[in-house]
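Visitor: using only what follows, build the 3D model:
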Amino acid sequence: MPGQRRHPQTVTRSPAVVQATIRAVEGREQRVEPDTLVICGAIVTPSLKGRGLAGEMLTALRRLAEGAGWPRVIAPVRPTLKARYPLASVETFMGWTREDGMALDPWIRTHQRLGARILAAAPQSQTMTGTIAEWEQWTGMVFPETGDYVIPRGLSLLRVDQSADQGTYTEPNIWMQHV
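Guide: Next comes the predicted model:
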C-alpha cells in the first residue's frame, strides 16, 4: 500500500495456524522432537528480485531442515499473481496451470521446481481490520459506501462497512510441502 503505513488495528491468523502454533509450543515444552520446519515468512528485497535469491533461500532452509533431521518443510505461500485475480477463490487459482503442467503462479512454480507440492488452500490465512479512513490512506482509494472493493495488491476483496466505520481484508495463501 502506497506511502507510510500504520499497522492495521487488528491482524489475526486463521484458527488452524493458531492451533498448530499452540501444538508446536506444547510439543516443545513436552520435549517432543520436531520433524517439520515451517517457513513462516521470507522476503527478498525488491531491488534484488529476479536474481534467484528466493530459490536459494528455500534451498538453504531445506538444507537446514535436513541437517536437523526433519523430513518435512512446509510453507504458507502468498501467490504473486493472485492479486491480478482477486475475484477468483484461492482454491480455484491454485489449480490454474500453464501448458507445461506447472502452476500459473511464478512463486508456486518456484516451490514446485524445488520439489514442493500443494497441500491445501488457506482461504482465511490472515485477517486485517482498520477504520475506513485508514484503509483509504493505505490504499489511496475512497470507499463511499458499504460493499466489497478490489484493492491494490490485494489477493481478495476488502469488505467495507460504513455503519461500523470498518474495513476488513482477509488474505488467503496456499500451503506447500517440500519433501
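Visitor: need the contact list for the residue positioned nearest the centre of the chain.
Guide: Among the residues of the chain, the one closest to the centroid is residue 78, at 3.5 Å (C-alpha atoms, centre = their mean). Residue 78 makes contact with 107, 155, 171, 173 under the criterion C-beta atoms under 8 Å, 6 or more residues apart in numbering. Placement of C-beta: from N, CA and C, glycine included.
Visitor: kindly recompute the last result at 10 Å.
Guide: Contacts for residue 78 (C-beta atoms under 10 Å, 6 or more residues apart in numbering) come out as 41, 105, 107, 108, 125, 126, 155, 171, 172, 173, 174.
Visitor: what's the answer for residue 172, then?
Guide: Contact analysis of residue 172 by C-beta under 10 Å, 6+ apart lists 14, 76, 78-79, 82, 89-91, 93-94, 121-126, 155-156.
Visitor: how about the nearest residue to it once chain neighbours are set aside, phi and psi?
Guide: Leaving aside its chain neighbours, residue 172 sits nearest to residue 90 (3.6 Å; criterion: C-beta to C-beta, 6 or more residues apart in numbering). Phi and psi for residue 90, reported as degrees, to the nearest 10, are phi -60, psi -30.
Visitor: so what's the residue count around residue 50?
Guide: For residue 50, the count of nearby residues is 9 (other C-beta atoms under 10 Å).
Visitor: list the buried ones in stretch 31-49?
Guide: Using 16 or more other C-beta atoms under 10 Å as the test for burial, stretch 31-49 gives 37, 38, 39.
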